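[1] Please find the sequence and the predicted model below.
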Amino acid sequence: MTKIVLFLIGCALVLTAFALVWPLVAPLYAQLQVFCVQPLLGSELRATVDSEGIAVYRDEKFLTRQEFLSFGGLGLTLALWLMTPGFSWKRRILWTALGLIILFFWHVLGLWVLIAFIQALEVKRAGGLMTLLYSIIAIGDWVMPVVLWGAVLLSYRFWGSGAAP
Amino acid sequence: MNRNRSLVRAWVTLAGVIGAFVVLQPLLIYIGFVRWANELTAQLLAFALGLLGTSSSVEGAVVRSQIFSLEIIFGCTAVLPIVLFVAAVAATPTVSKAKLWALVWGVPSLVLFNLVRLVSLVYIGRLAPQIFDTVHVLIWQPLTILFALALWLMWIERRRAHCS
């Protein structure tokens, strides 16, 4: 019980630290995403990083945006792997790195699908579908870290390595 | 061999419950579940603010109070943490009765925790509006999910203690 309360307090501290550091890191992270997505886009499309996030333009006309705040799953990943009791530091760092890499590719995929979708449909006519797509991308941002963490914890539970819970 | 099969079953259950929720999003919107969850959460928030002496009114999913007004969207409800908790409980190999019991105390706990989050956000919106978005999205949202996972860990600990 104490371990779990400490886990939650530790997670809150990691999330607070992440929230403080994120404004400094977010532009670099977004730039890295643009670097990965741009080759997949047509020549008329341009993804740039501005003060709010990643903005996508088609021939100077604004198409869509991914805000810096929509990458909050990174904080969740850090909190989960760094604060779960019972892991050795080696495993902890390994799973944190793997979790962040998987989430990075989810964000790249989400951005690419968003742009492809918005290109394929007229934005005004596809309002409901866009909301749904944004919702699925956002849910994925929170769900991906949890699924990976849950799968690893269940494995340790089955194989009895001694890792918490 | 049996252990491998059980592990795969647990993985499939975990991913299956969460995956079904993601895939069924359009249906949840279509049958009005999303709107119902948003409006119910708004009413609970107004009720909680009332208990704290802040009079407020609800119009659909919008809560207007003397100090701050906000609109509840699906991400503000306790549905996602509940789905994650249900998926984790369902994936854990134990008897059905214990799983049912976990849901009986787990789901209300998550609704209550989410309510604490929303009430605090109303006050943050009033007192420090410049950090509202950051606290809302980068701290409280993941913390609600982590609370769901902590409840699951707590339940597993209790099961382990009970069995040994």
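    Ah, there it is.

[2] so A:Tyr57 touches A:Leu63, yeah?
    Yes: using CB atoms under 8 Å, A:Tyr57 is in contact with A:Leu63, at 6.2 Å. For the C-beta atoms, the positions are set from N, CA and C on the backbone; glycine is no exception.

[3] which of those two has more neighbours?
    A:Leu63 (17 against 14; other CB atoms under 10 Å in any protein chain shown).

[4] Shouldn't that one be within a helix?
    No: going by DSSP: H, G, I helix; E, B strand; the rest coil, the assignment for A:Leu63 is strand, not a helix.

[5] Helix, strand or coil: sort out the nearest residue to it once chain neighbours are set aside for me.
    Using CB to CB, 6 or more residues apart in numbering or on different chains and skipping residues adjacent in sequence, the residue nearest A:Leu63 is A:Val56, 4.5 Å away. Following three-state DSSP, we place A:Val56 in the strand state.

[6] Now do A:Val56 against A:Gln66, distance only.
    Going from A:Val56 to A:Gln66 by CB to CB, to the nearest Å gives 8 Å.

[7] More neighbours: which of these two?
    A:Gln66 (25 against 22).

[8] in the sheet, who's paired with the more buried one?
    A:Ile54 (DSSP bridges).

[9] how about the closest residue to A:Phe18 other than its chain neighbours, phi and psi?
    Spatial nearest neighbour of A:Phe18, excluding adjacent residues (CB to CB, 6+ apart): A:Gly75 at 3.8 Å. Note on A:Gly75: backbone dihedrals following degrees, to the nearest 10 are phi -60, psi -40.

[10] Then the one 10 residues further on?
    Comment: the main-chain dihedrals of A:Pro85 come out as phi -70, psi 150, following degrees, to the nearest 10.

[11] so it sits right up against A:Lys3, yeah?
    Yes: A:Pro85 is within contact range of A:Lys3, at 5.2 Å (criterion: CB under 8 Å).

[12] Residue numbers of chain B in contact with chain A?
    Counting by CB under 8 Å from any CB of the partner chain, the residues of chain B lying close to chain A are B:3, B:6-7, B:10-11, B:14-15, B:18, B:21-22, B:25-26, B:29, B:74-75, B:80, B:84, B:87-88, B:91-92, B:133-135, B:137-139, B:141-143, B:145-147, B:149-150, B:152-154, B:156-157.
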